[in-house]
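S.K.: Give the three-dimensional model of this entry:
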Amino acid sequence: MSFAEAPEGPAPARPGDAALRDYYAARAPEYDRVYDKPERQSELRLIERWVPTAFAGRHVLEVAAGTGYWTRFIAPQAATLLATDAAAQTLEIARSRVQGGKVRYAVADAYALPPELGQFDAAFAGFWLSHVPRRDIGRFLQSLHARLKPGAKVLLLDNRYVEGSNLPITERDDEGNTYQARTLQNGSTHRVMKNFFTEDELMAMISGAGCRAVYHPWTYYWGLAYEVAGGE
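M.R.: Residues are numbered from 1 along each chain as shown. As a prediction, this is how the structure comes out:
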């Protein structure tokens, strides 16, 4: 199977997305420092071994690949992997980190993944759902599922809130979205949406799309594995 790559360059922005995209573009050089927290190391090693098992022999679409931290674990097991992100700066780091003929990269909007990307039988989104406004979760899932074959395997991975390990929540809006204040090494401070979902909320999202899901809780992270409706 071959996948057409989206043209490189800035992805089309939705209203309100520009600030988040600019933040991650500016954060690209220091992006992976979040994985250095000492208390999370044993759990990360476990999850790094677990994630690739879902994708053995699969044609994988990765959404919000960032700097390729998780791409490097998935690629050896996947048949092919297309890693997408809205920020070209982070993808450039991913390109340098994970290379090979079966791995491709494309700048793309997660809310409007273009048909030109192709169809896939698996998908991964790590630490992306927490940045999706609650009112737009259905839109994101619709965009993702449109690029997937019936029965495709999907794995979502993200943070649980742990006092003292996560940055504190500084704000909550009328729709229930929560925010953190994040300071980069250059001294700039950014208001960043970061939602922490409960198991019930996650299961409701997927059941609404007609999918059966399995929730995997750890101390600092959660995983949600499911198959797209329509498979046998």
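S.K.: What sits closest to Gly57 if chain neighbours are left out?
M.R.: Spatially, and ignoring its direct neighbours in sequence, Gly57 is nearest to Ala79 (5.3 Å; C-beta to C-beta, 6 or more residues apart in numbering). Glycine gets a C-beta too; all of them are placed from N, C-alpha and C.
S.K.: Distance check, the one you found against Thr71.
M.R.: 15 Å (C-beta to C-beta, to the nearest Å).
S.K.: Just the endpoints, please. Distance across stretch 206-215?
M.R.: 11 Å (C-alpha to C-alpha, to the nearest Å).
S.K.: Distance from the chain centre to that stretch, please.
M.R.: 17 Å (C-alpha atoms, centre = their mean, to the nearest Å).
S.K.: for that stretch, which positions count as buried?
M.R.: Within stretch 206-215, the residues that qualify as buried are Ile206, Ala209, Cys211, Ala213, Tyr215, counting by 16 or more other C-beta atoms under 10 Å.
S.K.: what's the spacing between the nearest residue to Ala83 once chain neighbours are set aside and Gly176?
M.R.: Spatial nearest neighbour of Ala83, excluding adjacent residues (C-beta to C-beta, 6+ apart): Ala65 at 3.7 Å. When C-beta to C-beta is the yardstick, Ala65 and Gly176 sit 27 Å from each other.
S.K.: likewise Asn159?
M.R.: Using C-beta to C-beta, one gets 17 Å for the distance from Asn159 to Gly176.
S.K.: so what pLDDT did Ala229 get?
M.R.: At Ala229, the pLDDT value in this model is 86.
S.K.: sorry, back to before: could you check which of Asn159 and Gly176 is surrounded by more residues?
M.R.: The neighbour count for Asn159 versus Gly176, taken as other C-beta atoms under 10 Å, is higher for Asn159 (19 against 11).
S.K.: Mind listing the residues bridging to the more buried one?
M.R.: Tyr221 (DSSP bridges).
S.K.: That one contacts Gln180, correct?
M.R.: No - under the criterion of C-beta atoms under 8 Å, Asn159 makes no contact with Gln180, lying 10.8 Å away.
S.K.: Overlap in contacts, these two.
M.R.: The overlap between the contact sets of Asn159 and Gln180 (C-beta atoms under 8 Å, 6 or more residues apart in numbering) consists of Asn166, Lys194.
S.K.: Could I get the contacting residues of Leu155?
M.R.: Under the criterion of C-beta under 8 Å, 6+ apart, the contact partners of Leu155 comprise Val51, Ala54, Phe55, Ala122, Ala123, Phe124, Ala125, Gly223, Leu224, Ala225.
S.K.: Just the pLDDT for the last one.
M.R.: We note a pLDDT of 97 for Ala225 in this prediction.
S.K.: contacting residues for Gly57?
M.R.: Neighbour list for Gly57: Gln77, Ala78, Ala79 [criterion: C-beta under 8 Å, 6+ apart].
S.K.: Tell me which of Ala79 and Thr71 has more neighbours.
M.R.: Taking Ala79 and Thr71 together and counting by other C-beta under 10 Å, Thr71 has the greater number of neighbours (25 against 14).
S.K.: count of residues packed around the closest residue to Phe196 other than its chain neighbours?
M.R.: Nearest in space to Phe196, with sequence neighbours left out and distances taken as C-beta to C-beta, 6+ apart, is Tyr161 at 4.1 Å. Each residue near Tyr161 was counted by other C-beta under 10 Å, and the total is 16.
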